[in-house]
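Visitor: 3D model of this:
(one chain, ligands or ions: 2)
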Amino acid sequence: MTTQPRPRRRVAIAGLGAIGKAIARELDRGGVDGMALEAVASADPAKHRGFLQSLQTLPRVRTLDRLWEEADLVIEAAPSRLLREIVEPFVSRGKSAIVMSAAALLDNPDLIDIAKANGGQIIVPTGALIGLDAVTAAAVGTIHSVRMITRKPVDGFRGAPFVIDNGIDLDRVDAPLKLFEGTARQAGKGFPANLNVAVALSLAGIGPDRTMVEIWADPSVTRNTHRIEVDADSARFSMTIENVPSENPKTGMITALSAIALLRKMEAPLQIGT
Ligand SMILES: NC(=O)C1=CN([C@@H]2O[C@H](COP(=O)(O)OP(=O)(O)OC[C@H]3O[C@@H](n4cnc5c(N)ncnc54)[C@H](O)[C@@H]3O)[C@@H](O)[C@H]2O)C=CC1
Ligand SMILES: O=C([O-])CC(=O)C(=O)O
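Guide: Ligands and ions are numbered 1, 2, ... in the order given. From the prediction side, this is the model:
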């Protein structure tokens, strides 16, 4: 019997931060069968020269608007304000985009329409969260409520718009402090670099206006901790994940691993999980 290798999928990465570099390393070492890293975009290519030269195969360095020329699939791993610039050129040409800055999708909902009209695809990995398989399954039936409680070390919230707008002095937080309670949509706006997980959860389940979120700055935790509580007609479940922060204290280490696992699944002859 002869085996039929599928054409290799060409991958681009937009943003070489905590997530982008981890995925680049894995693709470069051949960790995803059937995919190759062709191109990257970085805010400061000179800063990343050492990193890029440490790879076995040097990818092309392109600006965000030229990445689509080099790849079939882009991994968006950049600041959320760049979502549109990264995703639109791909999905408008029938290509795919893996989106890490999920919260920014709420400000750019028409990207989904553009993908639909052109045969493109936007894929949001489970990322730093847990249980999106069960939530999407429960959503086939009726979900009554979804709640998420996030606790992070205080430093994880530095620079968050909600913290700045409300004049919260994080240096004075010496006991667990509830920073916020509201919907996933509000959480995504107030904490765009912290609560992508809440928006991903809401998109998997009952939407950003019915998914409720609590956010705590907690000096007693060292891990980014997310608990979800779901009540549906098919099941009731709660799950907690305690993430080791990556080189970016706002971002759990497992986030990049989730994207790598997704890439492997896209190419796998056996796929496990919803
Ligand atoms: N979905 C999820 O579960 C999670 C999502 N995230 C989100 O994923 C995104 C990436 O996260 P990290 O890697 O931790 O962030 P990071 O801050 O470590 O990396 C972002 C990178 O983008 C680069 N960048 C800035 N402007 C650029 C431009 N014009 N062109 C190319 N690159 C540019 C920055 O220089 C930086 O290296 C963020 O939006 C973050 O909030 C983070 C954690 C979990
Ligand atoms: O890594 C985490 O704990 C979650 C995170 O930053 C996000 O959802 O943006």
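Visitor: Quick check, residue 91 in contact with residue 117.
Guide: No: the criterion here is C-beta atoms under 8 Å, and residue 91 misses it with residue 117 at 9.1 Å. Just so you know, the C-beta spots here come from the backbone N, C-alpha and C atoms, and that holds for glycine as well.
Visitor: The two: which is more packed in?
Guide: residue 91 (24 against 12; other C-beta atoms under 10 Å).
Visitor: Name the nearest residue to that one, ignoring sequence neighbours.
Guide: residue 120 (3.1 Å; C-beta to C-beta, 6 or more residues apart in numbering).
Visitor: hmm, the helix or strand hosting residue 241 in reach of ligand 1?
Guide: In this assignment (DSSP states H and E), residue 241 forms part of strand 236-243. No: judged by C-beta under 6 Å from any ligand atom, strand 236-243 stays clear of ligand 1, getting no closer than 8.6 Å.
Visitor: Would you mind listing what in the stretch 101-250 of the chain touches ligand 2?
Guide: 128, 193, 194, 195, 196, 197, 224, 243, 250.
Visitor: one step back: now the strand holding residue 241: average pLDDT?
Guide: Per-region confidence: strand 236-243 scores 98 on mean pLDDT.
Visitor: now the strands: where do they sit in the stretch 51-200 of the chain?
Guide: With strands called from DSSP state E, counting those that start in this stretch, the stretch 51-200 of the chain shows them at 60-61, 73-76, 96-99, 121-123, 143-152, 177-183.
Visitor: For the spatially most central residue of the chain, give me its contacts.
Guide: Taking C-alpha atoms, centre = their mean, the centroid of the chain lies closest to residue 100, which sits 2.4 Å from it. Residues counted as contacts of residue 100 (C-beta atoms under 8 Å, 6 or more residues apart in numbering) are 19, 75, 76, 77, 125, 127, 196, 255, 259.
Visitor: Nearest to ligand 1: which residue in this protein?
Guide: Using C-beta to the nearest ligand atom, the closest approach of the chain to ligand 1 is made by residue 17 at 1.7 Å.
Visitor: which bits of this structure sit near ligand 1?
Guide: So the chain meets ligand 1 at 14-20, 41-43, 64, 77-80, 82, 100-102, 127-129, 193, 196-197, 200, 248, 251, 255 (C-beta under 6 Å from any ligand atom).
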